[in-house]
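1. coordinates only, sequence not included:
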């Protein structure tokens, strides 16, 4: 059996365009025609909302299922069109995928192209589809949110009777802004941001850290306020994702303005620091 080149593109459901967290929900696979064999287009899509709801509780079920159904129907027709051209060899899987669902800035987005060479096209498609899609079927447990990461900090402060009234704060730079969920002012703004990295895969984990790094870089240009950023990082529940989590921590630590990064095991150190700052502030204003 001759070896055939192939390409594929993965359909991602991007729940939050800002954070970029996604889950794979489909794949389109193309082995172009080579004269002896015609082109082969294979596709698979997942629309079981049970896969997504534990990760994205507020997903619009009806809209998601309807969208996947429309793509599935389009895929059948376009696959037949491509396969009817026995010598089809132009373009790649993403070009075919974009005929099924054009890029429109919505929550459903095609990935960059992956490529390879296979002896058995169907077997290779099954392998890639299983790796890209079925992984998430085994990860349906409830995941830790940003608020879950912040809750023990808030409770520890309450237990020590540290009555800080945290409030959201927008830092305005000359080219961009950044909003922290919990902040207070003591000479400078102390901004605390819980960041859960209990996400679907390693790419999501690192992407979330990269986005915060980018936010800090943009907001630091001509920042309207003097501020100190503190990140409280929640680790992934899947131990296989710990290397990506460690990389994410280093990304945050390397961000502009040198933010302090605390892990969940370091919360007592963070609370001690906040308490010291608060007591000092109380004494200074007494």
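-> Cool, the structure landed. Source: prediction; values computed, not measured.

2. hey, which helix or strand in this protein has the poorest pLDDT?
-> helix 267-285 (a mean of 87; mean pLDDT, DSSP states H and E).

3. in that helix, what counts as buried?
-> Within helix 267-285, the residues scored as buried using 16 or more other CB atoms under 10 Å are 267, 270, 271, 274, 275, 277, 278, 281. From N, CA and C alone the C-beta is placed, and that goes for glycine too.

4. got a list of what the fourth one touches?
-> The one in question is residue 274. Residues in contact with residue 274 (CB atoms under 8 Å, 6 or more residues apart in numbering) are 157, 162, 164, 190.

5. cross the residues you listed against strands and list the overlap.
-> Of the contacts of residue 274, the ones assigned to strands by DSSP state E are residue 190.

6. drop anything exposed from the contacts of residue 274.
-> 157, 164, 190.

7. re earlier: let's have the contacts of residue 274 in JSON lines, adding pLDDT.
-> Compiled in JSON lines, the contacts of residue 274 are given as follows (pLDDT from 0 to 100):
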{"residue": "157", "pLDDT": "92"}
{"residue": "162", "pLDDT": "89"}
{"residue": "164", "pLDDT": "90"}
{"residue": "190", "pLDDT": "93"}
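
8. out of the contacts of residue 274, list just those in helices.
-> Members of those lying in helices (criterion: DSSP state H): residue 157.

9. all helices for this protein, in order.
-> Assigned by DSSP H, the helices in the chain fall at 61-84, 93-100, 121-133, 146-159, 202-219, 242-253, 267-285.

10. okay, the angle between the longest one and helix 93-100?
-> Calculated by axes from the mean of the first three to the mean of the last three CA atoms, to 10 degrees, helix 61-84 forms an angle of 120 degrees with helix 93-100.

11. for the closest residue in space to residue 275 that isn't next to it in sequence, list the residues it contacts.
-> Leaving aside its chain neighbours, residue 275 sits nearest to residue 162 (5.5 Å; criterion: CB to CB, 6 or more residues apart in numbering). Listed by CB under 8 Å, 6+ apart, the contact set of residue 162 reads 274, 275, 278.

12. make sure the second one is actually in contact with residue 160.
-> Yes: counting by CB atoms under 8 Å, residue 160 is a contact partner of residue 275 at 5.9 Å.

13. re the thing from before, deepest of the helices of the chain, which one?
-> helix 93-100 (a mean of 22; mean count of other CB atoms under 10 Å).

14. follow-up on the earlier one: just want the angle from the least confident helix or strand of the chain to helix 146-159.
-> 50 degrees.

15. next one: helix 267-285 to chain centre, how far?
-> Relative to its parent chain, helix 267-285 has a centroid offset of 34 Å by CA atoms, centre = their mean, to the nearest Å.

16. quick thing: my sequence starts at 38, can you match it?
-> From this message on, residue numbering opens at 38, which makes the last subject helix 304-322.

17. quick one, domains of the chain?
-> According to automatic domain parsing, the chain comprises the domains 41-175, 183-322.

18. can you list the contacts of residue 311 in TSV and add distance to residue 51?
-> Below are those laid out as TSV (distance: CB to CB, whole Å):
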residue	distance to residue 51
194	35
199	38
201	35
227	32
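
19. wait, which of the contacts of residue 311 is closest to residue 135?
-> For the contacts of residue 311, the closest approach to residue 135 (CB to CB) belongs to residue 227, at 46.3 Å.
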